[in-house]
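Peer 1: prediction below, plus the sequence it came from.
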Amino acid sequence: MAKATITFEDINVTVTVPAGTRIIEVSEKVGSGITYGCREGDCGTCIMKVTSGWNHLTEPSVLEDKILRENMAGKHNRLACQAQVLGGEISVKPV
Amino acid sequence: MNGVKLEGDDGTPIAVPLSERVHWVGAFDPNLRIFDIILKTANGTSYNAYVIRGSDGVAVIDTVKEGFAGDFFARLESVAAYSEIKVIVLNHLEPDHTGALPELMRRAPQAQLFISQKAQTMLKGLLKQDTLSFTPVVTGDSVSLGDRSLEFLHTPYLHWPDTQCTYAPEEKMLFSGDVFGCHFCDKRLFNDSVGDFRFSFEYYYAHIMRPFKEYVVRALELIEPLPLTLIAPTHGPILRDRPQHYIQRYRQLSSPALHNELSPNQKTLLIFYISSYGNTRRMAEAIYQGAMQVEDVRVSLYDLEGGEVGPFVDLIEEADGLVLGTPTINGDAVKPIWDLLSSLAVVNLKNKLGGVFGSYGWTGEGVRLVEDRLRGLKLRVPIPGLRVKLIPTDDEILECTAFGLELAQELTGARLSKVINFADLA
């Protein structure tokens, strides 16, 4: 299975993960400051900043785009509960 | 009434002139005691709105809380006809300034509404009118009223994302929204007439603007160069006497307090603890010793029982890292810790370093709960909290020392990054 790495910049931790992993599956286990609410892409609590490797994540769905807009998310912000890793190296941090 | 005539001979509210072309058309709310849950006021507040007349039309800048719309419309009608209103500016969309907007737009349907870029989604959320048309503006945008004009300054987070200020260059007046405002109700209206209101001005800043100091500084970069005869905020006295004084005060309040005490590379780490039998205190002292080993980190140790929350909040605001020690009692961290944490909403904690430790007797949930709260407050919590069952052993004290050392190293960037395999995560 293809591998990827996610670096959580706020805690200086890098995790090697299989492709298809969602950020939510990893961030809490390592203690990153990304916080969660509904965990199903509806509340916008888990908006995070993707500082590099934006193209190594799945495209945001129409619904995720809507939630990001409603929460005035900035460029390269994603919902950690929705974004899935495709491969390569990705860095994220809480907004 | 010190020369301010607020009502006509028949008792109808009338506008108050700030210049030949500018009028105050706001309302007084002397009975208000609590504003937005968090702010007290001993004499109420005012909702200030303004009208400016140019050779090519009239602009209304902000409105009032819905229940005070009667006074607002009466004052507006005393200086302008609705058909003359060309422009409506909303510097801030909070309901105490937009309450009269729907009715104003109904009475002046030809008026063009100007709001900040970030106000667009909020306007829809507040008014629930998808068909409302408006013009979003940023710094550099302006609108002409003929021989008068309005220039917009993008000043976000003072104190909502949407907030902006509006400058009238020909009048040299700044319509500042909530910036430079305060909840102080005095019908003498002007700062040179209302007496000493400094306590209210400072209190308002401390609760409303303080969490957004970095944005205050950015806004001041735009405001400080402006020639000013007067600042017209949306609450409290109109600042016509020494308006620059209030700008300077905002600059002072928003500047780092430790600026001259720390070298550029020095970091500050604060350890707060509370202890019932001395076990969490012993942990705190060992963590302190560990952190002290790192050069360029100034570490301070405080017992929460020995101080008040307010000064501790001041300390935390200026610090780079915050470590909290709490016992667990009945499955929770103890109240003084939560009291401190619930008082931190007035300061910006984003990206400060956080850490938690504590001794426990049964289950030790307190440390994890406080860690979660620190993350919720946007602190970084890179090092898992340290828990010790009851009395720390010598080895556990060494763990505490190492915990303190690691926290201090994290502050200086000396801590090594960690690489983990997903399969190894619990």
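Peer 2: Received, thanks.
Peer 1: burial count for residue 95?
Peer 2: I went with chain A, as the question did not name one. Neighbour count for residue A:95, taken as other Cβ atoms under 10 Å in any protein chain shown: 16. C-beta coordinates here come from the backbone N, C-alpha and C atoms, glycine included.
Peer 1: meant chain B, my bad for not saying
Peer 2: Neighbour tally, residue B:95, other Cβ under 10 Å: 13.
Peer 1: quick one: residue B:271 from residue B:364, how far?
Peer 2: 19 Å (Cβ to Cβ, to the nearest Å).
Peer 1: contacts only, for residue 16.
Peer 2: Answering for chain A, as no chain was given. A:3-5, B:419-422 (Cβ atoms under 8 Å, 6 or more residues apart in numbering or on different chains).
Peer 1: that's the other chain; I wanted chain B
Peer 2: So residue B:16 contacts B:4-6, B:23-24, B:75, B:189 (Cβ under 8 Å, 6+ apart).
Peer 1: make CSV from the contacts of residue A:16 and add distance to residue B:213 and secondary structure to it.
Peer 2: Shown next, in CSV, are those (distance: Cβ to Cβ, whole Å; DSSP: H, G, I helix; E, B strand; the rest coil):
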residue, distance to residue B:213, secondary structure
A:3, 43, strand
A:4, 38, strand
A:5, 36, strand
B:419, 36, strand
B:420, 36, strand
B:421, 41, strand
B:422, 39, helix
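Peer 1: out of these, which is most surrounded?
Peer 2: The contacts of residue A:16, ranked by neighbours (other Cβ under 10 Å): first place residue A:4, 22 neighbours.
Peer 1: who's it bridged to?
Peer 2: For residue A:4, the beta-bridge partners are residue A:17, residue A:88 (DSSP bridges).
Peer 1: tell me who's in contact with it.
Peer 2: Counting by Cβ under 8 Å, 6+ apart, residue A:4 touches A:16-19, A:21, A:56, A:85-90.
Peer 1: one more time with 6 Å, if that's ok
Peer 2: Residues near residue A:4 by Cβ atoms under 6 Å, 6 or more residues apart in numbering or on different chains: A:17, A:19, A:85, A:87-88.
Peer 1: then residue B:71?
Peer 2: Contact partners of residue B:71, counting by Cβ under 6 Å, 6+ apart, are B:13, B:27.
Peer 1: and it, helix, strand or coil?
Peer 2: What DSSP: H, G, I helix; E, B strand; the rest coil gives for residue B:71 is helix.
Peer 1: residues from chain B in reach of chain A?
Peer 2: Residues of chain B lying near chain A by Cβ under 6 Å from any Cβ of the partner chain: B:375-376, B:380-382, B:417-422, B:425.
Peer 1: which one of those sits closest to residue B:317?
Peer 2: Of all the residues of chain B next to chain A, residue B:380 has the smallest distance to residue B:317: 16.5 Å, by Cβ to Cβ.
Peer 1: tell me who's in contact with the residue of chain A found nearest chain B.
Peer 2: Per Cβ to the nearest Cβ, residue A:11 is where chain A lies closest to chain B, at 3.6 Å. If you count contacts by Cβ under 6 Å, 6+ apart, residue A:11 has them with A:31-32, B:382.
Peer 1: ok so, going back, list buried residues within the contacts of residue A:4.
Peer 2: For these, a burial check counting by 16 or more other Cβ atoms under 10 Å in any protein chain shown picks out A:17, A:85, A:87.
Peer 1: and which of these is nearest to residue B:387?
Peer 2: Nearest to residue B:387, judged by Cβ to Cβ, of these is residue A:17 at 28.1 Å.
Peer 1: quick one: contacts for the residue in the stretch 151-300 of chain B that chain A sits nearest to?
Peer 2: At 6.3 Å from chain A, residue B:161 is the closest residue in the stretch 151-300 of chain B, using Cβ to the nearest Cβ. Neighbouring residues of residue B:161 by Cβ under 6 Å, 6+ apart: residue B:118.
Peer 1: that older thread, could I get the contacts of residue B:16 as TSV with secondary structure?
Peer 2: What follows is the contacts of residue B:16, written out as TSV (three-state DSSP):
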residue	secondary structure
B:4	coil
B:5	coil
B:6	coil
B:23	strand
B:24	strand
B:75	helix
B:189	coil
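Peer 1: let me have those in TSV, extended by neighbour count.
Peer 2: Output for these, formatted as TSV (neighbours: other Cβ atoms under 10 Å in any protein chain shown):
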residue	neighbour count
B:4	14
B:5	11
B:6	16
B:23	23
B:24	21
B:75	25
B:189	23
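Peer 1: ok, residue B:154 to residue B:173 distance?
Peer 2: In terms of Cβ to Cβ, residue B:154 sits 18 Å off from residue B:173.
Peer 1: and the helix or strand hosting residue B:248, which residues are buried?
Peer 2: Assigned by DSSP states H and E, residue B:248 belongs to helix B:243-254. Residues of helix B:243-254 classed as buried by neighbour count (16+ other Cβ under 10 Å): B:243, B:246-247, B:250, B:253-254.
Peer 1: mind saving the C-alpha coords of it as PDB?
Peer 2: What follows is helix B:243-254, C-alpha atoms only, in PDB (Å, rounded to 0.1, in the frame of the first residue of the first chain):
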ATOM      1  CA  PRO B 243      -8.500  62.400  19.700                       C
ATOM      2  CA  GLN B 244      -4.900  61.400  19.300                       C
ATOM      3  CA  HIS B 245      -4.600  60.700  23.000                       C
ATOM      4  CA  TYR B 246      -7.000  57.800  22.600                       C
ATOM      5  CA  ILE B 247      -5.100  56.400  19.700                       C
ATOM      6  CA  GLN B 248      -1.800  56.600  21.700                       C
ATOM      7  CA  ARG B 249      -3.500  54.800  24.600                       C
ATOM      8  CA  TYR B 250      -4.600  52.000  22.200                       C
ATOM      9  CA  ARG B 251      -1.000  51.800  21.000                       C
ATOM     10  CA  GLN B 252       0.300  51.600  24.600                       C
ATOM     11  CA  LEU B 253      -2.200  49.000  25.600                       C
ATOM     12  CA  SER B 254      -1.500  46.800  22.600                       C
END
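Peer 1: centre of the chain to it, how far?
Peer 2: Centre-to-centre, helix B:243-254 and its host chain are 15 Å apart (Cα atoms, centre = their mean, to the nearest Å).
Peer 1: show me what that helix is packed up against.
Peer 2: If you count contacts as 3 or more Cβ pairs under 6 Å, 6 or more residues apart in numbering or on different chains; DSSP states H and E, helix B:243-254 packs onto helix B:213-223.
Peer 1: what mean pLDDT does the helix it packs on get?
Peer 2: Here helix B:213-223 scores 97 as its mean pLDDT.
Peer 1: heading C-terminal from that helix, find the next helix or strand.
Peer 2: strand B:230-233.
Peer 1: number of nearby residues for residue B:185?
Peer 2: Residue B:185 has 22 neighbouring residues, counting by other Cβ under 10 Å.
Peer 1: could you do the one 10 residues further on as well?
Peer 2: The burial metric for residue B:195, expressed as a neighbour count using other Cβ under 10 Å, is 11.
Peer 1: which pLDDT value belongs to it?
Peer 2: What the model reports as pLDDT for residue B:195 is 96.
Peer 1: find the helix or strand that the closest residue to it other than its chain neighbours is a member of.
Peer 2: Once flanking residues are discounted, residue B:195 sits nearest to residue B:186: 7.2 Å by Cβ to Cβ, 6 or more residues apart in numbering or on different chains. Using DSSP H and E, residue B:186 is not contained in any helix or strand.
Peer 1: need the helices for chain A, in chain order.
Peer 2: Taking DSSP state H, the helices of chain A run over residues A:24-30, A:62-70.
Peer 1: ok, and which of those helices has the densest surroundings?
Peer 2: The highest mean neighbour count among the helices of chain A, using mean count of other Cβ atoms under 10 Å in any protein chain shown, belongs to helix A:24-30: a mean of 19.
Peer 1: contact partners for the one residue sitting closest to the centre of chain A?
Peer 2: Most central in chain A under Cα atoms, centre = their mean is residue A:80, positioned 3.4 Å from the mean C-alpha point. Each residue near residue A:80 by Cβ under 6 Å, 6+ apart is listed here: A:23-24, A:27, A:34, A:46, A:48.
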